[in-house]
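Student: next comes the sequence, and after it the predicted model I'd like to discuss.
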Amino acid sequence: MFEKALEITPDHIPSIFHLGLMQHKNGELNEALNSFTSVLNGAGKNRLVFESRGLVYMDMKRYELAIEDFNQAIE
């Protein structure tokens, strides 16, 4: 449904964020990473988005990037 919403409004930040959550849950790690990065680029810094992207980085075993995002979430 988030993909359908994005067909209507491609830059709808909440839909991109929730799509990223579903992509992560489905193991689509590169797609989730792209979605969360798009949200950060479109909406600016957001604790939940940094945390979500950090979890994706952890699953990708890219721990240094995960720590960077978790630090951003804490700030």
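Tutor: All right, it came through fine. Numbering: from 1, shown residues only.
Student: from here on, just use CA atoms for contacts and neighbour counts.
Tutor: Noted.
Student: which of the helices or strands spans the most centrally placed residue in the chain?
Tutor: Among the residues of the chain, the one closest to the centroid is F36, at 2.1 Å (CA atoms, centre = their mean). Element membership for F36 (DSSP states H and E) is helix 29-43.
Student: next, the buried residues of that helix.
Tutor: By neighbour count with 16 or more other CA atoms under 10 Å, helix 29-43 contains the buried residues 29, 31-33, 35-40.
Student: what's the worst-scoring helix or strand of the chain on mean pLDDT packed up against?
Tutor: Within the chain, no helix or strand scores below helix 2-8, which has a mean of 81 by mean pLDDT, DSSP states H and E. When contacts are defined as 3 or more CA pairs under 8 Å, 6 or more residues apart in numbering; DSSP states H and E, helix 2-8 sits against helix 13-25.
Student: so I13 sits against L40, correct?
Tutor: No - using CA atoms under 8 Å, I13 is not in contact with L40; the gap is 9.2 Å.
Student: who touches the least confident helix or strand of the chain?
Tutor: 12, 15-16, 18-19 (CA atoms under 8 Å, 6 or more residues apart in numbering).
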